[in-house]
Each structure stands twice: as structure tokens, then as C-alpha cells.
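Trainee: Test case, fold it:
(one chain, ligands or ions: 3)
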Amino acid sequence: MQELFQPQAAQPAARVLLDGFNDMVLDYAIPHGVEGVSRGCRVEVPLRNRSTTGTVICLTPPDALWGHRLKPLTRLIDDSPAVSEKLMDLAEWAARYYAVPVEQLIRCIVPEPVRRERHEEKTRKIVVLTQWPGDEEMNKINARAPRQAAILRYLHQSNTKREPLADLGGSPALAPCRVLEKRGFLRIEEEAIHRDPAAGESFAPSTPLKLNDEQQHALSVITAEQSNNKPIVLQGVTGSGKTEVYLQAAAHVLQQGKGVLILVPEISLTPQTMARFKSRFAETDTHVAILHSAMSDGERFDEWHAIHQGKARIAIGPRSALFAPVQNLGLIIVDEEHDSSYKQENAPRYHGRDLAVLRAHMEDATIVLGSATPSLESLFNVQNGKYSLLRMDKRADGQRLPLTRVLDMRTEAKDKRNLGILSERLRMAMEERLKKGEQTILLLNRRGFARSLQCPDCGHVVVCEHCSLPLTYHATENRLICHICGYRAAVPRKCPECASAGILLEGYGTQKVEKVLRNCFPQARIQRVDADVAARKNALRDILADFRAHRIDILLGTQMISKGLDFPGVTLVGVLNADIGLSMPDPRAAERTFQLLTQVAGRAGRGEIDGEVIIQTYTPHAAAIQYARRHDTDGFAETELELRKELEFPPYTHMAVLTVRSPKEELADFSINTLHKKLLSILPAEVSISAPMPAPIAKAYGQFRYQCTIKSRSARLIADIVSKEIKELNTGEDIIFTLDIDAYSFM
Ligand code: ADP
Ligand code: ZN
Ligand code: ZN
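Mentor: Ligands and ions are numbered 1, 2, ... in the order given. You can find the predicted model right below:
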């Protein structure tokens, strides 16, 4: 009876976030026969006179729709929601925090190949023998259809009694198989083929190592049964055996039937971490899924579905993998949590570590933030009690930390034989290694686009009076500008410190250094690694393999080679220009330099022989360099946090960068000034904004760039107010505003 009187409109409708329309949301009726529509489901819907796809963000109650005539949605794409409730919550939270459309986050959660749905699972046919006809019948078959008999015999002899159709002669064998299937002798099955990004690589199984005391303690804290525990910062020196702890913690969590997510800075630069997970779980039937953008669409599609269906219970990947649909998540590991590649530098500009912490909280999972040099953000959270700290101060392999020397280039470079690139001391150390058949890594810190002024005689860098950060030279205005507060200064003719007239913008690249090296060591096998070289597919992987096999004596590279690599043959690491990073217009410049130097030092002496590190610098007394020399993370953190507090820099405040881009310079300039004026008049006292200024990269891709820096204790406040004002400005298409909350790049 009731059914009869139930009006059609009393059905709840699905509120659908359409793909590719920013945050356009439409309601659709759920037609009879379409079951199981819920939040996070992917659906196909009509839009005007075509069809599109979208994600259900909620079901709207019937009342609200009374009297409306809604178009029905066309179909449900997957049987179960592609986006779980928790990931929907995460997307909505992140969208608000970073002031971006929710749809941009849904795109991260349901990656392109999955969304396009084009890469349907590939299958292959398997032929299974169900009944052996017996000799008599076989003779008959053989006489009539020798082909059918051959197929039956082949299957009869196979151990498993099941073989791929391809092995039975491929598609020509299909017709005879069908006949035999009809007669009940065999069955043809479809089997999904999993496209495996690690196919072709083999991973020798590894067994868990016996943990030392520090590791054992770390493991027991990480695996302790506690609900809603705090994020754990695992501060362990390079080589302290953090990865072994991750492996055993992961095994423990898997045993409890839960899933594990491992985030690494960048998979191509950290192939060893991935390989160690593959190896450890090689013998169990645990599929370790890999997710990263360099994989083919088919591989991404398959790995994503393997995770989503719960077939893969471990997923490993770079920052975007934090959105992987791991079922029943028990543990997240963020390896090298300080690494700046966790920050996405295009929309949505989220921080992978921060969202991972939020996800762990939402899913009641344990999260471990591991690093030899934790970010100041994380150490600050330890100080204020939000995170807990675990330490591993000893190297697990019993090696000593390398001896680090700091060379003062103000005196070393007086010897101009090697263009001031390679000091005589470093050259001699390298020659010694060559003679002994040991390997050297040379690191050239890349300066990016920012150019600051440094005196080659005394090392003085021209800094801002207000922020004590280096000023950036702008050729167009011939001025120095502070990129944090907007302060402008004239370019000095002489060094303000020592009055040398030589103050200049000089810098050098990897190619120039390579030339110098080839002159110094004509007999050595030298390989350069920089963005140019790494752009070739697999080039980096091949070079690292060659280096490991000792087919290369000297590896010269940018920051790229400082990450997570473990080469037993390396006994010397040289850093050519340690202070270049210090002259970036960036509140985290010192922190980054400290981390880079400490990490790179960890690459020396991982084998039997003690390592040596030589750091060339014009500013030998800089805190970042001195603390790195002593491997003193605590000392550095204490000093640097004090400075940040004084200057009101992160982590004591949130810093956002507001950028405007336009092909027309006047337009960019005008728009930023208009917005700046408006913001000045409405921003509450707890939000401060710098004067507008041209960006350090003042023009890129044909667009002029202007920016302001905004600071506040509350990131929410910045996001809400500024994004609302941007929308209200209603500018034309040739003006693009971007707001980068918790910015890591000020370029
Ligand atoms: P980290 O990740 O902290 O840099 P790793 O996990 O890579 O350290 O360990 C460094 C080296 O020490 C590796 O070669 C690893 O196999 C070895 N190692 C780790 N734990 C142990 C242990 N408990 N006993 C012996 N060797 C270990
Ligand atoms: Zn000087
Ligand atoms: Zn300043």
C-alpha cells in the first residue's frame, strides 16, 4: 500500500560534483533500478545534450526537492564508491584549507586514468581441462579433429591442467576449444592481467634483520595498540636503520589485516626504498602497489584498482599517493618527511606530509614521519606536544658518521687555477680516491632563478634590513628587492663589508664544473647528473646502476643525487658551493641548506671504509654549515627556531604567497595593486600583507608575475578572506591569481 502512495520526488537525489567544471554541482534523480548510490560514487550524468561524469558528494533529502523535476543520472560507474567517506572528508577539508575547488582534490584521489575509465582491465583467456575423455574417445577425436586432440593432450600433460590460450596456438585455437567446451571436456576462463610497473624487475626476497635496541624500541612504540595516537617523528641519523623499522612495522600492521601507505620524496630518486619493500614482501602474497605519474595509464589504472579492491594492501609512492584508496588503513609512513617535494607547486598546492597527518587522524591510523633532519614544522610540533619523538642516534651498520671539513673559499679560491670552482684541498682528496679505486660524489647546489649579490672576497651577502634574508637582484629595475617584505634597495658598487669592488652575481652550472673536472682528471670516469640529463627516460636509473657497479668514478650532480641513495663504494663527498642555497629568498633557506648538507654527508662511508665530506663555502660560520659539520640537528633546530620566532616566520606563523600572472605587465601590476589596497583595508590585525612586488621570476612563459606575501597565525583566515576577494575582483581571462597557502616557494 505504502509503495503506491510514495511520490516519485520523495526519493533522495544525488548531488553530483561534475568533472572538469571546477566546483559546479547539480542534483540528479536516482532512477529505479540504480542501486547503491552513495557519497563518493562515480556516476555518469546527462548535461545539456551530452553526457559527462562526476562524483556524488551527498544525497539530498527528499524534502528539498519537492516540486522539482530532476533529470535522472545515467548510471553508476563502479559498484562501490571510488572515494571513501574518509577521503571525501579529507578532500573537503583540504579544499577549504588551501582555498581550491573540491574537484581539484577529487582529481588527486581518482587519478586521470581511473577517471577516464578507458583502461578497462585487460584480460586473457585461460583454457582449463575439466574432464579427460579417455583413450577410446581420444582416438575418435584424433581421427576427426586432430587439432582438438592436440589441445586436450597438451592440457592433460600440464601440471596445472590450465594453460593460456596463447600457448595453445592463440586465436586460431579458440574455435576448437569452444567445441570441446560444449562437449564438457574443458572450460574457457577470462583472467585479468595485472599491468605491473615493476614487471621485468626481480626482487630477491629479504628476511627481517635482528633489530638493535634503538630500532626495537622504535618498532614497539610504532606498533603499540593505541587508538588516536599522536603522529610520531622518527629522527634517526642516516644509516640508523629507519627503513628496517618501517619494513617490520608494515609487516606487523599487515598481520593485523590492515593496510599500509608509504610516501617517499620521489620514486625515481629513491628506487631503493621501493625495492626494499618489494623484496621484503616478495615471498608473501602481498602485492606492493606502486603509484606515480611516470607510470603508463594502464599501470596506474591497474595498481589503483588493486589497492581499491583491497588486493594490494601496501601502496608506495610520492606525495600524491597519500590519496591512495588503501582499505582499512593502519599505518602511514612519510619517509624523508622534511623533503620539499612533498609540497605540490601547482594547483592544488597542498602539502603531502600535512595531509597525510590529517588522513591518519581521520582514519585512526598511526603515522610515522621519518628523517635524519626533520622539518622545523615537525620539531616545533614535538615541542608543543602535538607530535611525539623517537630517536635513533646510532648507525645500524656500525659505521661512524663521516668526518666533515669546511673549507673557507675566501682563502681557498685565491688559487684561481680551477676558476675558483674546485679548491686544491678537494682536488687532492679526489685524486687520492681515484688512486685507491674509491668513488666520489660531488654536489653542486643549484641556485634556481634567484640571484643575490655575494662578495667573492669576504663572502658577504646583501640582505634585507627587516628580514635578514638575501635580497634578490632584479635586472629590469636594477634594484635589490626583499621577497618577504617588499623592501627595495639600490645595488651597491662596493661590498658594504670589505669595500671590495668585486661584488657580483657570478654563479656556475654543472656543465662548467664537468669541464673543470675533465681537465683535472683526464683519466677518470666522470658522469654528470642534472635536470637535462635526468630528462631522458631511465637515464637516472641507468646512471645510478653504473655508479653502483663502479663503472663511474666521480658522480657530479645537483640536489637530485643527495636523496636516499646508498653507495658502499663512496668514501668522499664534496659540496662545491654550500652557501648558494643560503642566498635564496626563502624563510627556509638555512633549513634547506642544513638538511642538504647533512643528507649528502650521510652518503659518504656507507661501506667498510670511513667517509669524508668536504664542504666548500664562502660563509664558513653560517649556522646551517657549522651544525651540519657536526651532524647536530638539535643544535641547528634550536638556533633556527629562535630566529624564526623572532622574525615571525613559519612554523610560528603561516605564510602564503599571492601571485598574479598576466601577459600584459600593466594589467598584472594594476591588479595586484588593486587587490592589495582592498586587502589592506579589510584584513584583520592578525593578518599582515607585504607591499606588491615583481616576483623573483618576474616573467615566465610569456607572463608577467607580481606577488605579495601574507602572514597570519591562522591559515584559514588567509584562505577565506583572500580567496573571496579574488573571486569578487572578477578580472578578465588574461589575469590569473593564485594563492599558495603555506608556501614553500617564494619565486
Ligand atoms: P636509514 O633508512 O636510517 O638510512 P637503513 O635502513 O638504510 O637506514 O639502514 C642502513 C644500513 O644498515 C642498511 O645497509 C641496512 O641493511 C643496515 N641495517 C639496518 N638495520 C640493521 C640491523 N638491525 N642489523 C644490521 N644491519 C642493519
Ligand atoms: Zn666583501
Ligand atoms: Zn624583508
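
Trainee: What strand or helix carries Ala637?
Mentor: Ala637 belongs to helix 633-647 when assigned by DSSP states H and E.

Trainee: Okay, buried residues for that helix please.
Mentor: Thr633, Phe636, Ala637, Thr639, Glu640, Leu641, Arg644, Leu647 (16 or more other C-beta atoms under 10 Å). (C-beta placed from N, C-alpha, C; glycine too.)

Trainee: what does the helix or strand containing Ile441 contact?
Mentor: Using DSSP H and E, Ile441 falls within strand 439-443. The contact list for strand 439-443 (C-beta atoms under 8 Å, 6 or more residues apart in numbering) reads 430, 433-434, 513, 517, 547, 550, 552-559, 561-562, 567, 569-576, 596, 600, 603-604.

Trainee: are any of those residues buried, and which?
Mentor: Using 16+ other C-beta under 10 Å as the burial test, these include 430, 433-434, 513, 517, 547, 552-559, 561-562, 567, 569-576, 596, 600, 603-604 as buried.

Trainee: Please flag which of these sit within helices.
Mentor: In helices, defined here by DSSP state H, the members of those are Met430, Arg433, Leu434, Val513, Leu517, Phe547, Leu596, Val600.

Trainee: So which residues on the stretch 151-300 of the chain come close to ligand 1?
Mentor: 209-212, 215, 236, 238-244 (C-beta under 6 Å from any ligand atom).

Trainee: Now for Gln215: which residues touch it?
Mentor: Ser240, Gly241, Glu244, Val245, Met392, Ala396.

Trainee: In contact with the first one, which residues are there?
Mentor: With contacts taken as C-beta under 8 Å, 6+ apart, Ser240 has the following neighbours: Glu214, Gln215, Ala372, Met392, Asp393, Lys394, Arg395, Ala396.

Trainee: give me phi/psi at the closest residue to it other than its chain neighbours?
Mentor: With C-beta to C-beta, 6 or more residues apart in numbering as the criterion, Ser240 has its nearest non-adjacent residue at 3.9 Å, and that residue is Met392. Main-chain torsions, Met392, degrees, to the nearest 10: phi -130, psi 110.

Trainee: For Met392, grab the count of nearby residues.
Mentor: If you count neighbours by other C-beta atoms under 10 Å, Met392 ends up with 23.

Trainee: So it is in contact with Glu214, correct?
Mentor: Yes - judged on C-beta atoms under 8 Å, Met392 makes contact with Glu214 at a distance of 4.4 Å.

Trainee: if I look at the residue of the stretch 151-300 of the chain found nearest ligand 2, how far off is ligand 3?
Mentor: Using C-beta to the ion, Thr238 is the residue of the stretch 151-300 of the chain that sits closest to ligand 2, at 35.1 Å. Counting by C-beta to the ion, to the nearest Å, the gap from Thr238 to ligand 3 is 34 Å.

Trainee: Confirm that that residue sits in a strand.
Mentor: No - applying DSSP: H, G, I helix; E, B strand; the rest coil, one finds Thr238 to be coil, outside a strand.

Trainee: can you pull the pLDDT of it?
Mentor: Predicted confidence (pLDDT) for Thr238: 82.

Trainee: who's in contact with it?
Mentor: Counted by C-beta under 8 Å, 6+ apart, Thr238 has contacts Ala372, Arg395, Thr598, Gln599, Ala601, Gly602, Arg603.

Trainee: how much space between the first one and ligand 3?
Mentor: Counting by C-beta to the ion, the gap between Ala372 and ligand 3 amounts to 31 Å.

Trainee: Looks like that residue contacts Gln235 (just checking).
Mentor: Yes - using C-beta under 8 Å, Ala372 is in contact with Gln235, at 7.3 Å.

Trainee: Neighbour count: the two, which is higher?
Mentor: Ranked by neighbour count (other C-beta under 10 Å), Ala372 and Gln235 place Gln235 first, with 25 against 22.

Trainee: Show me what the helix or strand where Glu591 lies packs onto, helices and strands only.
Mentor: Element membership for Glu591 (DSSP H and E) is helix 589-601. If contacts are counted by 3 or more C-beta pairs under 8 Å, 6 or more residues apart in numbering; DSSP states H and E, helix 589-601 sits against strand 439-443, strand 570-575, strand 612-617, helix 623-629, helix 633-647.

Trainee: Now do the nearest residue to Arg187 once chain neighbours are set aside against Lys677, distance only.
Mentor: Once flanking residues are discounted, Arg187 sits nearest to Val128: 4.7 Å by C-beta to C-beta, 6+ apart. According to C-beta to C-beta, to the nearest Å, Val128 and Lys677 sit 75 Å apart.

Trainee: try Ala94
Mentor: Ala94 is 30 Å from Lys677, by C-beta to C-beta.

Trainee: and Val128 and Lys677? which has more neighbours close in?
Mentor: Remark: of Val128 and Lys677, Val128 carries more neighbours, 15 against 10, as counted by other C-beta under 10 Å.

Trainee: Tell me the secondary structure of the more buried one, please.
Mentor: strand.

Trainee: That one and ligand 1, how far apart?
Mentor: From Val128 over to ligand 1 the distance is 44 Å, taken as C-beta to the nearest ligand atom, to the nearest Å.

Trainee: Surely that residue touches Pro164?
Mentor: No - at 10.8 Å, Val128 does not count as touching Pro164 under the criterion of C-beta under 8 Å.

Trainee: what's the overlap in contacts for the two?
Mentor: With C-beta under 8 Å, 6+ apart, Val128 and Pro164 have no common neighbours.

Trainee: Helix, strand, or coil at the residue lying closest to Ala637 once chain neighbours are set aside?
Mentor: Closest residue to Ala637 apart from its sequence neighbours, by C-beta to C-beta, 6+ apart: Leu379 at 4.9 Å. Of the three states, Leu379 takes helix under three-state DSSP.

Trainee: How about the contacts made by Leu379?
Mentor: Val233, Ala637, Leu641.

Trainee: What pLDDT does the model give the residue in the stretch 601-747 of the chain that ligand 2 sits nearest to?
Mentor: Nearest residue of the stretch 601-747 of the chain to ligand 2: Tyr618, at 9.5 Å (C-beta to the ion). For Tyr618, the model assigns a pLDDT of 83.

Trainee: I'd like to know how far it sits from ligand 3.
Mentor: 22 Å.

Trainee: Many thanks, I have nothing further to ask.
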